[in-house]
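Asks: below: sequence and its predicted model.
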Amino acid sequence: MTQLQALIFDVDGTLADTERDGHRIAFNRAFADAGLAWEWSVELYGELLEVTGGKERIKFYIDRYNPEFEPPANLKEWIAGLHAAKTKHYTQLLSEGTIPMRPGVKRLLLEARQQGVRLAIATTTTPANVTALLENALAPDSVGWFDIIGAGDIVPAKKPAPDIYDYVLKELNLDPKACLAFEDSQQGVKSSRAANLATIVTVNGYTQDHDFTGAELVIDQFGEPDQSFQVISGNAYSASYFDLELAEQVLKEVNASL
C-alpha cells in the first residue's frame, strides 16, 4: 500500500481567504492608480474568479464587461504592467497583517513537517504573492517549509489544466498515489484530478456552490481540535478536524479502490 509522502496545496482561498479582501482590493487600487474607472465589486469578482490567473482575468474583464475600452497597441505588455502594480498593492495588504491563514492550516503544516511528510504548492498566483502570504500570515521562514512552490507562469496552461500539478509532481519525483491535493474551487479540482491526485476541498464564500465532483472530501475548513469542521460531502471517518491521520486514511481508501 502506497504511503502518504506529500501534501500539495493551492493558495488563494485554500490556505487563506485572500480573494475578496486581498486580490480584489489590490486590483481596484491598481486600476485607480492607472486612471481607470474600473471597480470590481464583491459580486463581480466572484464571476471573474471563473477565470484563473490575474492577467487572464483582466483580459477577460475587458472582453466581456468593458468592450468599449480602447486598449493600447501593446495590450499584453500593458496588462502585465497593470498586474505587476496589483501585486505590489497585494503584498502591501499582506504586510499589514490583514489576511490570516484559514483555521487549521498552520497546525496541519506543522504536523506534516514533524512527521516527515513533504509540502508543496501548486497555484496560478504569482511567486511574489505566495511568498508575501507565507512570510506575513504563516511564519517569516515558512517559504522554506515547502519543497516545491509551483506558481504563476511556470507552466503554459493554468488551471483547470493539470500542468501545474504535473510540474510539482515531477519536481517532487513522486507518484500521485503518494500525495494529496488541497483545493477550494471547481477549476482547482478539475486540475488536480486531471493530474490523478486525490483531492480535499475546503470551500469559501466564493466557491461553496461549486460542483466538486471527483473530490474525496469537501469540508468548510480544516478545523481545530476545539473547532470542528462541517462535512459537506465525502467520508471524514468520524474526524472532527483535518489532520495527518485523516489524510492518511483518505489516501489509503482511495488507493485501495484503484
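Replies: Thanks, I have the structure now.

Asks: which ones are touching A151?
Replies: Applying Cβ atoms under 8 Å, 6 or more residues apart in numbering to A151 gives the contacts 11, 121, 123-127, 129-130, 164. (Each C-beta comes from the backbone N, C-alpha and C, glycine too.)

Asks: contacts for stretch 31-51 next, please.
Replies: Applying Cβ under 8 Å, 6+ apart, the contact partners of stretch 31-51 are 19-20, 23-24, 27-28, 57, 60-61, 65-66, 82, 85, 185, 187, 206.

Asks: of those residues, which count as buried by neighbour count?
Replies: In those, burial by neighbour count holds for 19-20, 23-24, 27-28, 57, 61, 82, 85, 185, 187, 206, counting by 16 or more other Cβ atoms under 10 Å.

Asks: just the buried members of the contacts of A151?
Replies: 11, 121, 123-127, 129-130, 164.

Asks: how about the contacts of A151, which pair is most distant?
Replies: Using Cβ to Cβ, the contacts of A151 span at most 14.2 Å, a distance reached by N129 and I164.

Asks: where do the helices sit along the stretch 151-258 of the chain?
Replies: With DSSP state H, counting those that start in this stretch as the criterion, the stretch 151-258 of the chain has helices at 163-172, 186-194, 244-256.

Asks: identify whichever of these lies nearest to G104.
Replies: helix 244-256 (11.1 Å).

Asks: name the residues of that closest one that are buried.
Replies: In terms of neighbour count (16+ other Cβ under 10 Å), helix 244-256 has its buried residues at 244, 246-247, 249-251, 254.

Asks: quick one: low-confidence residue ranges for the stretch 51-200 of the chain.
Replies: The model of the stretch 51-200 of the chain has no residue with pLDDT under 70.

Asks: what about the strands in the stretch 1-150 of the chain?
Replies: In the stretch 1-150 of the chain, the strands defined using DSSP state E, counting those that start in this stretch lie at 6-9, 118-122, 148-150.
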